[in-house]
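A.B. asks: for reference, the sequence and a predicted model appear below.
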Amino acid sequence: MLNAELLAILACPACEERPPLELRGEYLVCLQCRRAYPIRDDIPVLLVEEAIPLEQVEARMPNLPAEP
């Protein structure tokens, strides 16, 4: 599980405005560009090349909490 302090400072590396990321299951999600960044071994992988479209995550994990 990610530390709350770390989660509070993480931002989307793909967006110029650097919006905050939201924890959803095993991913950090940017609601602005709709990318999902994986978390591997409790380490966020914030590489744009590793991100997948949020729609793919939602399709694979139908019980994932919805947008607030």
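C.D. replies: Sure, I can see it. Model, not experiment: these values are computed from the prediction.

A.B. asks: for the residue nearest the centre of the chain, what are phi and psi?
C.D. replies: For the chain, the residue nearest the mean C-alpha position is Leu28 (1.7 Å; CA atoms, centre = their mean). Backbone geometry at Leu28, expressed as degrees, to the nearest 10, gives phi -100, psi 130.

A.B. asks: so it makes contact with Arg40?
C.D. replies: No. Counting by CB atoms under 8 Å, Leu28 stays clear of Arg40, with 11.4 Å between them. Glycine gets a C-beta too; all of them are placed from N, C-alpha and C.

A.B. asks: mind listing what's buried along stretch 29-36?
C.D. replies: Across stretch 29-36, burial judged by 16 or more other CB atoms under 10 Å covers 29-30, 33, 35-36.

A.B. asks: please apply the same query to stretch 45-61.
C.D. replies: Across stretch 45-61, burial judged by 16+ other CB under 10 Å covers 46, 51, 54, 57-58.

A.B. asks: out of these, the closest to Glu22 would be?
C.D. replies: When those are ranked by distance to Glu22 (CB to CB), Leu54 comes first, at 10.2 Å.

A.B. asks: look up phi and psi at that closest one.
C.D. replies: As for Leu54, its main-chain torsions (degrees, to the nearest 10) stand at phi -60, psi -30.
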